[in-house]
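Peer 1: 3D model of this:
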Amino acid sequence: MTDEQQTDYRVAFDAAAADFTALGRHLWDVIGAATVAVVGPKRGERVLDACCGAGASAIPAARLVGPDGVVDAVDLSGPMVDELRRLSPGLPQLRAHQADVTTWATEGYDVVQSALGIFFFPDMTGGTERLISRARPGGRVAFTIWRGDAMAAAGRHLGRAIAEATNTPPPAERPPHLIDRMSPSTSYG
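Peer 2: Residues are numbered from 1 along each chain as shown. Here you go, the predicted structure:
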């Protein structure tokens, strides 16, 4: 990711941090908990939580690995990482980092997870492969994504509502993205 792209992404997520947190218990926390339930971190394990936001998957993972484990939670957004720190007192095993996870150097994790994060990578394939490479041989990797076009209708409705409220033309259709070719049955590996 170029410095300019990283800045653009960080600014966007910094601006959305308050709204992101407000949706937490209704959306992100449910999806994060489901991701953690699937990958099943165990006591004493090392976890990399990529695109951690305010901790929807990092916090439950930290509870499962216990005080002998480690969860490195990484996000580009400083306000998101600050919110994670605020929400996770008493979990010293959870280490919150403001960084670009696609350049994260540490490897050998028992678990690498990302709940609704990989599709934000400018190079989704390269970033995802980089995350997978952070797992130890025999480690577990879990990425959750929106199912098919689950958000497409919501995006179209939002675009139309904003256009109507601002008396501007509705936005053009979004160009195809790699995420459009993925489905819940897609398997890599």
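Peer 1: Strands of the protein, start to end?
Peer 2: In the chain, the strands defined using DSSP state E lie at 46-50, 70-75, 94-98, 109-115, 135-144.
Peer 1: Export those strands to CSV and append columns for mean neighbour count.
Peer 2: For the C-beta atoms, the positions are set from N, CA and C on the backbone; glycine is no exception. Shown next, in CSV, are the strands of the chain (neighbours: other Cβ atoms under 10 Å):
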stretch, mean neighbour count
strand 46-50, 28
strand 70-75, 26
strand 94-98, 20
strand 109-115, 26
strand 135-144, 16
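Peer 1: what are the ranges of the helices in the protein?
Peer 2: Listed from the start of the chain, the chain has helices (DSSP state H) covering 3-22, 28-39, 58-65, 78-87, 124-132, 152-166.
Peer 1: Mean pLDDT lowest where, among those?
Peer 2: For these, the weakest mean pLDDT is recorded on helix 3-22, namely a mean of 60.
Peer 1: still on that earlier bit, so can I have TSV of the strands of the chain showing mean pLDDT and distance to Ile31?
Peer 2: Below are the strands of the chain laid out as TSV (pLDDT from 0 to 100; distance: least, Cβ to Cβ, whole Å):
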stretch	mean pLDDT	distance to Ile31
strand 46-50	97	13
strand 70-75	97	15
strand 94-98	97	18
strand 109-115	96	5
strand 135-144	94	6
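Peer 1: Quick check: which of those is nearest to Trp28?
Peer 2: strand 109-115 (7.3 Å; Cβ to Cβ).
Peer 1: Run through who's touching that closest one.
Peer 2: 28, 31-32, 35-36, 39, 41-42, 45-51, 56-57, 61, 72, 101, 131-132, 134-136, 139-144 (Cβ atoms under 8 Å, 6 or more residues apart in numbering).
Peer 1: Now distance to Thr168 too, for the strands of the chain, in TSV please.
Peer 2: Converted to TSV, those look like this (distance: least, Cβ to Cβ, whole Å):
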stretch	distance to Thr168
strand 46-50	36
strand 70-75	32
strand 94-98	35
strand 109-115	34
strand 135-144	34
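Peer 1: The ones you listed: which one's closest to Met124?
Peer 2: The nearest among these, by Cβ to Cβ, is strand 135-144 at 10.2 Å.
Peer 1: Specify the stretch among the strands of the chain that is closest to Glu173.
Peer 2: If we rank the strands of the chain by Cβ to Cβ, the stretch that ends up nearest is strand 135-144, at 25.1 Å.
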